[in-house]
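**Q** Please work out how this folds:
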Amino acid sequence: MILRTALLLVLLVCSSVSAQVPVAKNLGATLSEDERVAAALERSLGAFLAEARNGQFSEACVEPGQLERYSFFFKGLSGLGQREGDSPPSLLKSYPLDDARYSVTVAFAGVRDGAPFISKIVELEASPHGEGYRFGCPFEAKTADFRTKTLGSVTFHSSGALDEQAAAEFVRFKEAFSDLTKAQDRHLDYYCFRSLDELLQSYGFVFDAGKCNFLKCDLGFTDDGGRAYLTGTDNPNYTFEYVGEFLAHSLPRSEELYGPFVNGMSAYYGGYALSGDDMQTLRAQFRARLAAEPEIDFLHEYKQGRSSSVNRHFTHYVIGAFLCEEVVEQHGFDRALQLLRSGADGERFFANIQDILGVDEDGFHALILRLIDAEPA
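**A** Here you go, the predicted model:
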């Protein structure tokens, strides 16, 4: 009994000396004016950062419910400090949020190819736990003052005014798409951020070199096991990314979904990614590419994956949109689901096309010409 109690105490205290990452202090930054609190925070922070470096978080350092609720946050921390040239994390600042909790800002930097770099600057929320602290995502506090509006099965959250017409269009699509897939239309929290920066900062990522900081906005994703949808596009009807996220969380055997066709279906229903280009626009772009390069072979281009693009759109995604349109309109959505389940690596993709459309690989190029309304060369 004594041994069991001792083991439990070890698990509860996020201050293990056996797994610690040293933390530098930028220009004399301190975790707390109270030396006892500062020492507990430093031990706990070192243990948490060791777990982040290994990508495995324990109940000692993280409240278990946060790992699913803010998976984007914890994935963003995982693996930091592992690469050659990475420096020890540096404490930038720490201040009390109330009588018990602290906000702690840490920078991750180093030297690569002889040049200094900063990979991330992250705000953590520290809460007392046992004799130490747990660390979590500040998302709830960062979005506490957002406006909310519930329409049907969606609650929209935004820092500014909401385009309710666009929001209503999204709700209608969400409900209709649930019917098509025969999946449950469960409640969704839709966070409509004005920009990528606002999205990242709400998660505590003050700076993230790996998250397209050169863009004003970025694609959307789901969190909290698919119960929250977030986008930095300032668009309450950003359907493109929602389609793929919904399919991944709602369809049985989602491990069989073929990514390029998932993105093709997303473009068919929601326009292409950030550009929003609709099917007519995409067809015109492909016809223009064909006119400029009459010898092009769309089968070859498709198999190039992300190495081939038309008008800065990945060729295989757009071809997937053309195929989705043809299958849905001529053979029904269930047959499109068959094409979706072509295997994670697309191992059944061309066999499914032949089964559904009666076209083998030799006829693939001619099929795409027909779908873009182009004449063969």
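**Q** can you point me to the longest strand in this protein?
**A** Of all segments of type strand in the chain, defined using DSSP state E, the longest is strand 115-129.
**Q** which residues in the stretch 201-350 of the chain form helices?
**A** With helices called from DSSP state H, counting those that start in this stretch, the stretch 201-350 of the chain shows them at 239-250, 259-270, 279-292, 298-303, 315-331, 333-340, 349-357.
**Q** Poorly predicted segments of the stretch 1-150 of the chain, please.
**A** 1-18 (pLDDT under 70).
**Q** Helices of that one, residue ranges please.
**A** Using DSSP H, counting those that start in this stretch, helices in the stretch 1-150 of the chain cover 2-12, 35-54, 64-69, 71-77, 139-142.
**Q** Include mean neighbour count and distance to residue 229 when you put the ones you listed into a markdown table, please.
**A** No exception for glycine: its C-beta is placed from N, CA and C like everyone else's. Shown next, in a markdown table, are the helices of the stretch 1-150 of the chain (neighbours: other Cβ atoms under 10 Å; distance: least, Cβ to Cβ, whole Å):
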| stretch | mean neighbour count | distance to residue 229 |
| --- | --- | --- |
| helix 2-12 | 10 | 35 |
| helix 35-54 | 20 | 25 |
| helix 64-69 | 15 | 14 |
| helix 71-77 | 19 | 12 |
| helix 139-142 | 17 | 14 |
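**Q** nearest to residue 200, of these?
**A** helix 71-77 (8.8 Å; Cβ to Cβ).
**Q** quick check, distance from that closest one to the centre of its chain.
**A** Relative to its chain's centre, helix 71-77 lies at 10 Å (Cα atoms, centre = their mean, to the nearest Å).
**Q** Kindly list the main-chain dihedrals of residue 312?
**A** Backbone geometry at residue 312, expressed as degrees, to the nearest 10, gives phi 70, psi 10.
**Q** Tell me the spacing between it and residue 278.
**A** Distance, residue 312 to residue 278, using Cβ to Cβ, to the nearest Å: 16 Å.
**Q** what's the answer for residue 77, then?
**A** Going from residue 77 to residue 278 by Cβ to Cβ gives 38 Å.
**Q** cool, and residue 270?
**A** Note on residue 270: its distance to residue 278, by Cβ to Cβ, is 9 Å.
**Q** quick one: which of the two has more around it?
**A** Taking neighbours as other Cβ atoms under 10 Å, residue 270 and residue 278 compare with residue 270 leading, 22 against 14.
**Q** tell me the pLDDT at the more buried one?
**A** Looking at residue 270, its pLDDT reads 96.
**Q** so it touches residue 238, yeah?
**A** Yes. Using Cβ atoms under 8 Å, residue 270 is in contact with residue 238, at 7.4 Å.
**Q** Go ahead and flag the most central residue of this structure.
**A** In the chain, the centroid-proximal residue (Cα atoms, centre = their mean) is residue 221; its distance is 4.1 Å.
**Q** ok, that residue - contacts?
**A** Counting by Cβ atoms under 8 Å, 6 or more residues apart in numbering, residue 221 makes contact with 72, 229-231, 241, 245.
**Q** who does it bridge with?
**A** Residue 221 forms beta bridges with residue 230, as assigned by DSSP bridges.
**Q** Which pLDDT value does the model give it?
**A** According to the prediction, residue 221 has pLDDT 95.
**Q** What's the separation between it and residue 244?
**A** As judged by Cβ to Cβ, residue 221 and residue 244 stand 9 Å apart.
**Q** what packs against the longest strand of the chain?
**A** Judged by 3 or more Cβ pairs under 8 Å, 6 or more residues apart in numbering; DSSP states H and E, strand 115-129 is in contact with helix 35-54, helix 71-77, strand 102-112, strand 132-136, strand 205-208.
**Q** Thanks a lot, see you next time.
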